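1. below are the sequence and a predicted model for it; my questions follow.
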Amino acid sequence: MSFAVAGVVVLLMTAAILIGANRWQSDTRGLHARMQAASVAVTPEAYDAGELEGLPAPVQRYFRTVLKDGQPLIASASGEHTGTFNMSETEEQWRPFTSNQRVVTRRPGFVWDARIHMAPGMNVHVRDAYVAGEGLLTAKLFGLVTVMDQPSSPELDQGELIRFFAESAWYPTALLPSQGVAWEAVDEAHARATLTDGGTIVTLVFEFDAEGLISSVRADRRYRAVNGTQVPTPWQGRFWNYEDRDGMLVPLEGEVAWLLGDGPKPYWRGRIERIEYEYAP
């Protein structure tokens with residue numbers, strides 16, 4: 001191949017990558033706008049410890065540990081993550097990723113926009129989202145070539161609302177009863193919580209450590225794609241490395257895994273590099 005032809009190929013590839021990135025960003029902005037349009041006002045405006053009356057003991061300890069009385073309630077959050085993602089269902093094929101995430105707490109919604117680095121100069125763009133009661137999961141090489149596209153379905157909607165709910169440790173006022181969460185006692189270290197959005201209802205078991213912080217969350221049934229079939233599978237998220245952000249204690253590191261017959265199968269490990277909050281007016 002001549003230098004001239006090689007140069008043309010490089011220019012065409014560069015143009016394709018730029019076009020893909022621009023289209024991807026445009027679609028992401030559209031989802032952000034749709035999510036914001038579906039949001040509702042967060043009330044009350046601030047946390048009152050009196051709201052904890054009657055909650056299970058570990059839940060009360062958690063809120064008293066991570067929040068201060070009068071803490072403004074979170075309406076939305078934006079963050080950046082780094083970490084690794086396992087690209088194989090059966091092997092260990094971890095690849096580094098960077099991502100941005102936008103969240104609204106009422107109505108529940110998030111858009112996770114990631115770049116998974118497969119090889120030098122080769123990124124897969126991944127968008128995982130729950131917007132206006134609908135889940136979606138899309139992956140495109142260079143933001144152009146579709147490698148995965150899962151539209152809204154009852155199974156995906158449930159799975160994405162589980163993700164939102166589990167990640168509420170990052171925006172802890174969203175777990176208050178006033179924000180639609182129903183808590184039930186299990187034991188001194190666990191409590192069961194249920195969140196309803198439209199026709200989708202999800203329940204998680206939260207585990208609290210000796211310091212009163214959320215150490216893990218578990219769903220008995222989250223749907224996992226196996227050879228094109230949605231299979232209900234136990235799922236778990238773990239959190240650690242809590243630090244103060246805007247007067248709240250939030251975990252900066254975590255891992256999520258499918259709980260299979262032969263043990264946990266982690267597929268996401270990450271760290272929050274930045275998180276910023278917007279509060280109820």
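-> The structure has been received and is ready for your questions.

2. in contact with N22, which residues?
-> By Cβ atoms under 8 Å, 6 or more residues apart in numbering, the contact set of N22 is empty. For glycine as for every other residue, the C-beta is placed from the backbone atoms N, C-alpha and C.

3. revised request: answer the last question for E253.
-> By Cβ under 8 Å, 6+ apart, E253 lies in contact with F239, W240, N241, G270, R271, I272.

4. which of those residues lies closest to P177?
-> F239 (21.1 Å; Cβ to Cβ).

5. how confident was the prediction at I17?
-> Note on I17: pLDDT of 68.

6. ignore what I typed, I meant Q158.
-> Taking Q158 on its own, its pLDDT is 98.

7. what packs against the strand or helix carrying it?
-> Under the criterion of DSSP states H and E, Q158 resides in helix 154-166. Helices and strands touching helix 154-166, by 3 or more Cβ pairs under 8 Å, 6 or more residues apart in numbering; DSSP states H and E, are strand 109-119, strand 122-131, strand 134-141, strand 190-197, strand 200-208, strand 214-226, strand 229-245.

8. next one: it to chain centre, how far?
-> Relative to its parent chain, helix 154-166 has a centroid offset of 9 Å by Cα atoms, centre = their mean, to the nearest Å.

9. can you list the buried residues in that helix?
-> By neighbour count on 16 or more other Cβ atoms under 10 Å, the buried set for helix 154-166 is E155, L156, D157, Q158, G159, E160, L161, I162, R163, F164, F165, A166.

10. quick one: buried ones out of the contacts of E253?
-> F239, G270, I272.

11. as a markdown table, those residues with pLDDT and distance to N227 would be great.
-> Shown next, in a markdown table, are the buried ones among the contacts of E253 (pLDDT from 0 to 100; distance: Cβ to Cβ, whole Å):
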| residue | pLDDT | distance to N227 |
| --- | --- | --- |
| F239 | 98 | 31 |
| G270 | 98 | 27 |
| I272 | 98 | 34 |
